[in-house]
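> Sharing a model prediction with you, sequence too.
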Amino acid sequence: MAEKKELTVSDLPGVGPSTAEKLAAAGIDTLLAVAVSSIGVLTEEAGVSDSVARKMIQAARDMLDMGFETGDVILEKRQKVNKIKTGSQSFDEIMGGGFETGAISELFGEFGSGKTQVAHQLAVNVQKPEEEGGLNGKVIYIDTENTFRPERIIQMATGAGLDPNVCLKNIKIARAYNSDHQMLLAEKAEDLLKEGTYKLLIVDSLTAHFRAEFIGRGTLSERQQKLNKHMHTLLKVADMYNCCVIVTNQVMAKPNVMFGDPTQAIGGHIVGHSSTFRIYLRKGKKGSRVGKLVDSPNLPENECMFFVNESGLNDKEL
Ligand code: GTP
Ligand code: MG
């Protein structure tokens, strides 16, 4: 194979030293970060025109593909993508059949919107056999807010017809005490993923430590850079081990906007554009939950309605 020069953001068309500096300050310091960015973000952060931003993104994507893998490899990977069902048909439908492996899915929403409940349900459902919407897989659960509840897993496992004790044994939980610890745990997860039996990695919450530790504008770009790095680790393990990665992100609805505006997401564009699927959760009528898939590349922006019952997620209130 011909020797490859390590390409950087500065190799992109339209990126001179000052643009590169502005991008780096916004945490966009790798080709991958540009490739997963949006035109709006690049124009805002680097002050380039729409057409330059579009060319930069396209070129970054081309360079990455050339540098790393060919189309047949991508096709092979796409064929390996598996889906974990949620227990609600309506939810599965908006996800194109369930939560995908090889990708990061971000559950975002307000306090109490059901992010942790959905994470618990997927930690149970991934353990089901394939014909029942699972992957016969084990789970790595990075818990940053101390909200993992084994009692809730027992209820959901029973609801799913699984042995609750086996189910609990198949979930490896690590408490992350701060953002550095959280980042380290994500890197360490690779050791477990290498075994090939783990199919789901959950980070609940992705952003809470980062939000608590980096307060004020001065530290914003440092926070974005760290979050960016963390997301890259997660993307890498999702991709390399064909693992489903679920992250949660608390957002506050803007009081002056009818629909809770996702632009309030903590971590902003870095998280948004590294996640392959973004699901906005909120409370619906009569105790229901509403999930809405937003800015996902291949699927339409659809909404679903489901219930969180004692036995777990379902289309109906049980
Ligand atoms: P934050 O982490 O605070 O941002 O919230 P979250 O989005 O993770 O919310 P969470 O998933 O913790 O949702 C809490 C809601 O789930 C509660 O208000 C209940 O409606 C529901 N819930 C939690 N535990 C149970 C349970 O054991 N049974 C049932 N039926 N519902 C539950
Ligand atoms: Mg939670």
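Yep, that arrived. Numbering: from 1, shown residues only. Ligands and ions are numbered 1, 2, ... in the order given.
> In space, what's closest to Asp239 - neighbours in sequence excluded?
Gly102 (5.9 Å; Cβ to Cβ, 6 or more residues apart in numbering). Every residue, glycine included, has its C-beta placed from N, CA and C.
> Now do the same contact list for the one you found.
Counting by Cβ atoms under 8 Å, 6 or more residues apart in numbering, Gly102 makes contact with 77, 80-81, 238-239, 242-244.
> quick one: average confidence on stretch 243-260?
Mean pLDDT, stretch 243-260: 73.
> number of nearby residues for Ile215?
Residues lying near Ile215 (other Cβ atoms under 10 Å) number 10.
> hang on, I meant His209
Neighbour count for His209, taken as other Cβ under 10 Å: 20.
> Quick check: which element contains it?
helix 208-213 (DSSP states H and E).
> and that helix, what does it pack onto?
helix 179-193, helix 220-240 (3 or more Cβ pairs under 8 Å, 6 or more residues apart in numbering; DSSP states H and E).
> sorry, back to before: check what pLDDT the residue nearest to Asp239 gets.
Reported pLDDT for Gly102: 92.
> His273 too?
At His273, pLDDT is 61.
> Can you pull the domain assignment for the chain?
9-63, 77-314 (automatic domain parsing).
> Straight-line length of the longest one, end to end?
So the one you mean is domain 77-314. 30 Å (Cα to Cα, to the nearest Å).
> just the shortest one next, same as before
Between the opening and closing residues of domain 9-63 lies a distance of 10 Å (Cα to Cα).
> pLDDT averaged over that domain - what is it?
Rounded mean pLDDT across domain 9-63 is 88.
> sorry, back to before: and the helix holding His209, what's buried?
208-211 (16 or more other Cβ atoms under 10 Å).
> buried sites along stretch 238-251?
For stretch 238-251, burial by neighbour count (16+ other Cβ under 10 Å) applies to 238-239, 241-251.
> Please see if that stretch touches ligand 2.
No: Stretch 238-251 lies out of reach of ligand 2 by Cβ under 5 Å from the ion, never closer than 6.0 Å.
> okay, and for this protein, where does confidence drop off?
1-5, 65-68, 217, 253-274 (pLDDT under 70).
> on that earlier part again, TSV for the buried residues of stretch 238-251, including secondary structure?
TSV is the format used below for the buried residues of stretch 238-251 (DSSP: H, G, I helix; E, B strand; the rest coil):
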residue	secondary structure
Ala238	helix
Asp239	helix
Tyr241	coil
Asn242	coil
Cys243	coil
Cys244	strand
Val245	strand
Ile246	strand
Val247	strand
Thr248	strand
Asn249	strand
Gln250	strand
Val251	coil
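> which parts of the helix or strand where Arg152 lies are buried?
Per DSSP H and E, Arg152 falls inside helix 150-159. By 16+ other Cβ under 10 Å, the buried positions in helix 150-159 come out as 152-159.
> other SSEs contacting it?
Using 3+ Cβ pairs under 8 Å, 6+ apart as the test, helix 150-159 ends up in contact with helix 115-125, helix 164-169, strand 312-314.
> Please enumerate residues in contact with the first one?
Among residues not part of helix 115-125, those counted as contacts by Cβ under 8 Å, 6+ apart are 84-87, 99, 107-109, 133-134, 139, 141, 147-149, 152-153, 156-157, 160, 162, 167, 171, 200, 202, 204-205, 244, 246, 248-250, 281, 308, 312-313.
> Hmm, Asn228 and Phe27 touching each other?
To be clear, residue 27 is Gly; Phe isn't right here. Yes: using Cβ atoms under 8 Å, Gly27 makes contact with Asn228 at a distance of 4.5 Å.
> and this structure, which of its residues are near ligand 1?
109, 111-117, 147, 152, 250, 308-310 (Cβ under 6 Å from any ligand atom).
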